[in-house]
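[1] sequence first, predicted coordinates after that:
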Amino acid sequence: MLRVAIPSRDEKGLESSIEDHFGRSNYFTIVDIVNGEIVRVTVLVNPFKEHRYGDIPQFLKSHDVDVVLAKRMGLRAQDFFKKLGIKVELGFEGLVGEVVREYLSRLNQGI
């Protein structure tokens, strides 16, 4: 299983828009993927809108996240995720469901 986290503007799951500013996201949509298929979607409230360095990476690690997909993210945050063994992929925009499908397509193409 692969668990992916996406910063989200609302609680609509796959229909939510990705949040532009990772650290100020209201929610994180967690998507569980098995054999290239979405098997579960969970929406978590971001408890760290006013956060200290490392709060959000540690929060997502506590939820067993493997990959974070975002539009952009600061270098310090990227480094913290890397130290926790969480992969960060940037440059995504649109609805969460579209972002996940784009990521899965990239994986299938070996990008």
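    Done, it's in. Numbers count the residues shown, from 1 in each chain.
[2] neighbours of the residue nearest to Leu60 when sequence neighbours are not counted, just the number please.
    Leaving aside its sequence neighbours, Leu60 sits nearest to Ala5 (Cβ to Cβ, 6 or more residues apart in numbering; 5.1 Å). The way it works is simple: take the backbone N, C-alpha and C, and place the C-beta from them, glycine included. Neighbourhood size, Ala5 [other Cβ atoms under 10 Å]: 27.
[3] with the one 5 residues further on instead?
    Taking other Cβ under 10 Å as the neighbour definition, Asp10 ends up with a count of 14.
[4] any idea how far the nearest residue in space to Lys49 that is not next to it in sequence lies from Asp64?
    Leaving aside its chain neighbours, Lys49 sits nearest to Arg24 (6.3 Å; criterion: Cβ to Cβ, 6+ apart). Here the criterion is Cβ to Cβ, to the nearest Å. By it, Arg24 lies 23 Å from Asp64.
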